[in-house]
Every structure is written in C-alpha cells, then in structure tokens.
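Q: Got a sequence here, can you build the structure:
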Amino acid sequence: MAQGLLSVVFAFLTNFWFAVIVWALFGGLGVLFNINSGSLRQAIVPNELLGRVISVAGVIAWSAIPLGTLLGGIAIEQSGDVGLVYAAIGVATTLIAFAFRFTAIGNADRYLPGADSNGAI
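A: Got it, this is the predicted structure:
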C-alpha cells in the first residue's frame, strides 16, 4: 500500500530533489516486496514444486510490464497528463493492496509451517 501512496505523492511533486527521494523510497519498497514474496514462496511451496512456482511467478510478473507500458502510454496520450495517470495508478495500487489484505495472501503467515492460527511461529 505504501508504494501506491508514494506513487500518488510522486505524481504531484514539482521539486526534483523531493521527487528523487520519493522515487528512491518507491524503488526500495519494491525490493522489500520482492524479498518478502520470494521468501514466502520458498517457505510455503514444497521443494519439488519450487522451481516451477518461481518460474510461473516470474513469467506472470515480467509479462505484465509490456502490457502496463502500452496501457500507460495510451492513458497518457488520451489524458495528456502524466501526473494524473501516475496518481490513478497509485490509487489503484493502494486499493488493490488493501483488498488483498483481507484474503489468504494478506494472511499468508498463517500458512507457514509451524504457525498457529494467529500466524505466530
């Protein structure tokens, strides 16, 4: 959710150095998300399936990049406002992350081996 909020903030910044700081935080949160999701995958998926699951996750994630680039370009061309598109993407990212908080993905710690019903290990 923090990445989505940072994207909204970034959309309205006019000072270059503040934008650099926000963009660095945005990128850092992306790295933390990748580390956490990769570690969770390794903890939950059986060893004999881990390579396949990591490959499929990578293909899905990397396949979305060209599609997002194309759709973002079309949205910017139609609206004529890059900031508006960034803000809309940030709001969408925040809402999607918030919605997933109430699913099994948002409570994935409950599925770790050795965890009790509250997710404590």
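
Q: Give me the neighbour count for the nearest residue in space to I96 that is not next to it in sequence.
A: In space, and not counting its chain neighbours, I96 is closest to G4: 7.8 Å by C-beta to C-beta, 6 or more residues apart in numbering. Heads up, the C-betas are built off the backbone N, CA and C, glycines and all. Number of residues near G4 (other C-beta atoms under 10 Å) recorded here: 20.

Q: so G4 is in which element?
A: Assessed by DSSP states H and E, G4 sits inside helix 2-11.

Q: For that helix, buried residues please.
A: For helix 2-11, the neighbour count (16 or more other C-beta atoms under 10 Å) marks Q3, G4, L5, L6, S7, V8, V9, F10, A11 as buried.

Q: if we look at that helix, which residues are touching it?
A: If you take C-beta atoms under 8 Å, 6 or more residues apart in numbering as the criterion, helix 2-11 is touched by 19, 22-23, 25-26, 29-30, 33, 82-87, 89-97.

Q: Now with 7 Å, please.
A: 19, 22-23, 25-26, 29-30, 83, 86-87, 89-91, 93-94, 97 (C-beta atoms under 7 Å, 6 or more residues apart in numbering).

Q: out of the residues you listed, which is most surrounded?
A: Of all those, the highest neighbour tally under other C-beta under 10 Å goes to G90, namely 21 neighbours.

Q: give me the element that residue is part of.
A: Short version, using DSSP H and E: G90 is in helix 82-100.

Q: list the helices and strands that helix packs on?
A: With contacts taken as 3 or more C-beta pairs under 7 Å, 6 or more residues apart in numbering; DSSP states H and E, helix 82-100 sits against helix 2-11, helix 47-79.

Q: R41: which of the ones you listed is closest?
A: When the helices and strands packed on helix 82-100 are compared by C-beta to C-beta, helix 47-79 sits nearest R41, at 6.1 Å.

Q: for the closest one, the distance to its chain's centre please.
A: Computed by C-alpha atoms, centre = their mean, to the nearest Å, the chain-centroid distance of helix 47-79 equals 11 Å.
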